[in-house]
Structure formats: C-alpha cells, structure tokens
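Trainee: here is my input, please return the structure:
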Amino acid sequence: MLDFIYYPVSFILWCWHKVFGFVLGDNNAISWILAIMFLTFTVRGIMFKPFVKQVRSMKKMQEFAPELKKIQKKYANDRQRQAAEMQKLQREHGVNPLGSCLPMLLQIPVFIGLNWVLRAFSIPPKDGGPKTNNYFFDQAGVDSYVNAKLFGVNIGDAIHHTSMLGGVDSGWNWHVAPVAIPLMILASVLTHLTARHSTARQDPSAATPQTAMMQKLTMYIFPLGVLVFGAFFPIGLLVYWLSNNGWTLMQQRLVYNKIDKEEEKKKAEAKEKRDALAPKPGAKPKPGQKPVQQRTAGESDQVAAQNTSSNGKSDTKAGSPHRFAQQPARPQNGASKQRKKPGSGGKSSGQKGSGQKRR
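Mentor: Modelled structure (predicted):
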C-alpha cells in the first residue's frame, strides 16, 4: 500500500550500499551502516531549503509574537475571532505556520519507509521459500543484509520485535542490548541537544503557552521516548535516528550563524545610512531657521540695491533671509549715497572732488 514510499527509500539505500560495498565488501556491516547514514544525509540535503525557510518563518513569528499575545488577550472569549485575527496577522507578515512543520513532516515517511524496508529483509515470503528480493534489492542483496553482523548482532535485530512495527518472532533479544543501548543513549542525547539549541534561539518574552509546551516536549519527552521506544527499533533504524539528529544539530548551527551574520550586516548598513543622513557636527541648523532659497543673479542685485538704498548697507542681521546670499558688487560713480563728513559744509568728499576737477 505504501510502495510509493518504500521503493524510493529502498533505491537510495541500494545506491549507497553499492558505493560502500564496492570499497568495503557487500557483506560488511559497516557498508550497510554507512549506506543508512548517507541515505539520511541525502534526504536531509533535499530538505535543506525547506529547513532554512522554517528557521526564517520562526524568526518572523518571534518578531510579531507580542501582537499575537494582544490578540489572544483581546479575544480570549471568542476562539473563532481569535483564530481569524491571528491568521490575518500571519498573512500580513508573510508567515505560513505550516511551513515551519514541513521538514519534520517530510521525515515521517522516510522513517516509516526505512523501518519497513529494513524489517522486510528478514520477513520470509508467504510461500515459505527463500526470500529472493526486497524492493530494489535482489536475492544477493537480501543475503548480504541478513549475513552482515555488527559485534555479532545483525543490524536488522532489535531488543524486542513487535508485530505492531512490522517485526516477526516477537520476544526479547537481550543479546542485542549491548549494541542497541549505547545507540539509544546517543540518539536520546543528540535529540535533547538539538531541541535545547533551537530553544535557546527563541525570545522567552515572546513565548506563548503553546510554544512553552512544545519546548518541553521536544527537550524532554521526545528524548525520553527515543530512549524507551528505541528497544523496539532495529539497529539500522537506531543508526538512522542517530545520524539524523547529528545532521540536524550541525545544520542548525550553520544556518543560525548565517542568519545572525545577515542580521548584523543589515543593522550595520542601516546605521551607516542614518549616519550619512544626519547633520554633521557644527552644521546643525538653529531652531526656527529657514533654509536659504536660491535666487537668480538679477534678483540678488535688485534686492541688494533696495537694501543698500534704504539702510546704507546690506542687511546682515541674524535671521535675515539674505544672510548667506552672495554680496553683490558695490555700485560705482555715486550709485549709492555717501555719508556726509562733519565740517564739510554739507558737501561730500565725492562732490568736493568733482568741483576741484572742474576748476
């Protein structure tokens, strides 16, 4: 029924097993473990861009989280109106809540597919004969997997096989515990560290009751679940869980550091822009001072002549609109009135000089 999941997972596993089997040998358990790990890395590499979008979406949601709290408080008694207003706010900020869950949702089919493919190696056919194939694997591939052992334990074995997860021969297999338990502990620790690293990025003041609950689930309940239910997973599936969480932790560090550098760069550019637009020291305009209006040469000469004829000099008082205008050249040949000198008999020096010249 889920062959559309099983065949792609089986194909990727088959490709990587061929690569490492060529180097280390087809029946080597390390070849199978590396094939499972690189199956995980291939799937996570495909989901890298959705993961980056998830991080950016979560970052935007933190920025307008106070507005969400206001809406929740305002419409606490009207759940339908509250949901509508929250969706409206998310659309305005260009955030899709489902986008942040996409990478996690895409991992579920891979987990289910790999669990079934690994268990199917050991499930005998209905006719009771030898198993001749397992999706993309032929009989040689099936025999290689069944005969591959890690520290004497087949990588398809689990501490407890249960038919609920597709296992056969239900019962406890304590000889698997020395290999499975260390993998369970490492997977649980990496799950906790990954959740803690993600939670440390979030603003506590913007947390809501729902987000606080999710943080507790991811930091404590999920790691505990890996530690408990890992007893029902085969060795190969524990390797997948371990490599998946290791990849997630490394990816989070790289993506978060990149986003932090981008935000610091934007803040530095915004600061430089503000500094460039701000007035320089010593050039700050006085309160109430109007900007100087540019005048043509003819207008400047006309205004200067009027001021000179009325006041005897250009108006240079503070606050004059012509204070910073260029001073026109002083007119010659008696164009402006000269002040009379005391004792000159009412004649200016200019008049005296002209009379002497006529004599």
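Trainee: give me the low-pLDDT residue ranges for the protein?
Mentor: 64-65, 93-103, 127-129, 162-170, 202-211, 278-359 (pLDDT under 70).
Trainee: which residues in it form strands?
Mentor: Secondary structure of the chain by DSSP state E: the strands cover 149-150, 153-154, 160-161, 171-172.
Trainee: and these: which comes nearest residue 71?
Mentor: Residue 71 sits nearest to strand 160-161 of all these, at 47.7 Å, using C-beta to C-beta. Quick note: C-beta positions are derived from backbone N, CA and C, even for glycine.
Trainee: partner strands of the closest one and their direction?
Mentor: In its sheet, strand 160-161 lies beside strand 171-172 (antiparallel), with partners assigned from DSSP bridges.
Trainee: ok, back up a step: possible to save the strands of the chain as JSON lines with mean neighbour count?
Mentor: Output for the strands of the chain, formatted as JSON lines (neighbours: other C-beta atoms under 10 Å):
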{"stretch": "strand 149-150", "mean neighbour count": "16"}
{"stretch": "strand 153-154", "mean neighbour count": "20"}
{"stretch": "strand 160-161", "mean neighbour count": "20"}
{"stretch": "strand 171-172", "mean neighbour count": "10"}
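Trainee: quick check: the residue lying closest to residue 179 once chain neighbours are set aside vs residue 174, distance?
Mentor: Using C-beta to C-beta, 6 or more residues apart in numbering and skipping residues adjacent in sequence, the residue nearest residue 179 is residue 153, 4.7 Å away. Residue 153 sits 11 Å away from residue 174, taking C-beta to C-beta, to the nearest Å as the criterion.
Trainee: which among the strands of the chain is found nearest to residue 85?
Mentor: Among the strands of the chain, the nearest to residue 85 by C-beta to C-beta is strand 160-161 (48.8 Å).
Trainee: about what we covered before: can I get the strands of the chain in CSV with distance to residue 25?
Mentor: Formatted as CSV, those follow (distance: least, C-beta to C-beta, whole Å):
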stretch, distance to residue 25
strand 149-150, 13
strand 153-154, 16
strand 160-161, 27
strand 171-172, 31
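Trainee: residue 115 is nearest to which of the ones you listed?
Mentor: For the strands of the chain, proximity to residue 115 was assessed by C-beta to C-beta; strand 160-161 is nearest, at 12.2 Å.
Trainee: quick one, longest helix in this protein?
Mentor: helix 235-277 (DSSP state H).
Trainee: what helices or strands is that helix leaning on?
Mentor: helix 29-46, helix 48-63, helix 102-120, helix 177-199 (3 or more C-beta pairs under 8 Å, 6 or more residues apart in numbering; DSSP states H and E).
Trainee: so can I have CSV of those helices showing mean neighbour count?
Mentor: Converted to CSV, the helices and strands packed on helix 235-277 look like this (neighbours: other C-beta under 10 Å):
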stretch, mean neighbour count
helix 29-46, 20
helix 48-63, 16
helix 102-120, 19
helix 177-199, 18
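Trainee: dump the ones you listed into a markdown table; add distance to residue 277 as well.
Mentor: A markdown table is the format used below for these (distance: least, C-beta to C-beta, whole Å):
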| stretch | distance to residue 277 |
| --- | --- |
| helix 29-46 | 44 |
| helix 48-63 | 25 |
| helix 102-120 | 41 |
| helix 177-199 | 38 |
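Trainee: for residue 145, which of these is the nearest?
Mentor: helix 29-46 (6.4 Å).
Trainee: helices or strands up against the closest one?
Mentor: Applying 3+ C-beta pairs under 8 Å, 6+ apart, one finds that helix 29-46 makes contact with helix 3-24, helix 102-120, strand 149-150, helix 235-277.
Trainee: to residue 253, which of the strands of the chain lies closest?
Mentor: strand 149-150 (29.3 Å).
Trainee: got the contact list for the closest one?
Mentor: For strand 149-150, the external contacting residues (C-beta atoms under 8 Å, 6 or more residues apart in numbering) are 29-30, 33, 155, 179, 235.
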